[in-house]
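*Asks:* After the sequence you'll find the predicted model.
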Amino acid sequence: MSRRGNCYDNAPMERFWGTLKNELVHHRRYDTREHARREIAEYIEVFYNRQRRHSRLGNCSPAAFAQQWARQQPAASGCNSWRPLLTTGVTFDSGVCC
């Protein structure tokens, strides 16, 4: 990626910005830049990253996907912290998430 002529290089970010604009920005009028910044940050941190269903995760919210993933992992000895690696093509035994 990141070389001249690669049209897919920026596609994920372009999709995110399009989603942000369609779901939040175009439906509101902000009084100040600070108000806009706070509301956009809240949208990303609270809704987009935790609650919004993502097609790449089998139409699950990231929180539900992480819980499902954690239940399927064997207990790690001496390690209580983990960060799920969200990859494509991950399926669960039940076939349904959320």
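*Replies:* Nice, thanks for sending it over. If you're wondering where the values come from, they're calculated on a predicted model, not measured in any experiment.

*Asks:* R71 and A64, how far apart?
*Replies:* Distance, R71 to A64, using C-beta to C-beta, to the nearest Å: 11 Å. C-beta: built from backbone N, CA, C; applies to glycine.

*Asks:* Which one's more surrounded, these two?
*Replies:* A64 (17 against 9; other C-beta atoms under 10 Å).

*Asks:* how close does the more buried one sit to Q51?
*Replies:* Taken as C-beta to C-beta, the span from A64 to Q51 is 9 Å.

*Asks:* Repeat that for C60.
*Replies:* 11 Å.

*Asks:* Please apply the same query to V25.
*Replies:* V25 is 18 Å from Q51, by C-beta to C-beta.

*Asks:* So those two - more neighbours on which side?
*Replies:* V25 (15 against 11).

*Asks:* any idea which element the closest residue to that one other than its chain neighbours lies in?
*Replies:* Residue nearest to V25 in three dimensions, not counting chain neighbours: I40, with 7.3 Å by C-beta to C-beta, 6 or more residues apart in numbering. Applying DSSP states H and E as the criterion places I40 in helix 33-42.

*Asks:* For that helix, give me every contacting residue.
*Replies:* The contact list for helix 33-42, computed with C-beta atoms under 8 Å, 6 or more residues apart in numbering, reads 20, 24-25, 28, 30.

*Asks:* can you list the domain ranges for this protein.
*Replies:* 1-52, 57-98 (automatic domain parsing).

*Asks:* any idea which of those domains scores lowest on pLDDT?
*Replies:* When these are compared by mean pLDDT, domain 57-98 comes last with a mean of 64.

*Asks:* Okay, angle between the biggest helix by length in the chain and helix 33-42 too, please.
*Replies:* The residue-count maximum for a helix in the chain (DSSP state H) belongs to helix 11-23. Comparing the axes of helix 11-23 and helix 33-42 via axes from the mean of the first three to the mean of the last three C-alpha atoms, to 10 degrees yields an angle of 120 degrees.

*Asks:* can you tell me the distance between the two ends of stretch 21-40?
*Replies:* For stretch 21-40, the first-to-last residue distance is 10 Å (C-alpha to C-alpha, to the nearest Å).

*Asks:* I'm done for today, thanks for sticking with me.
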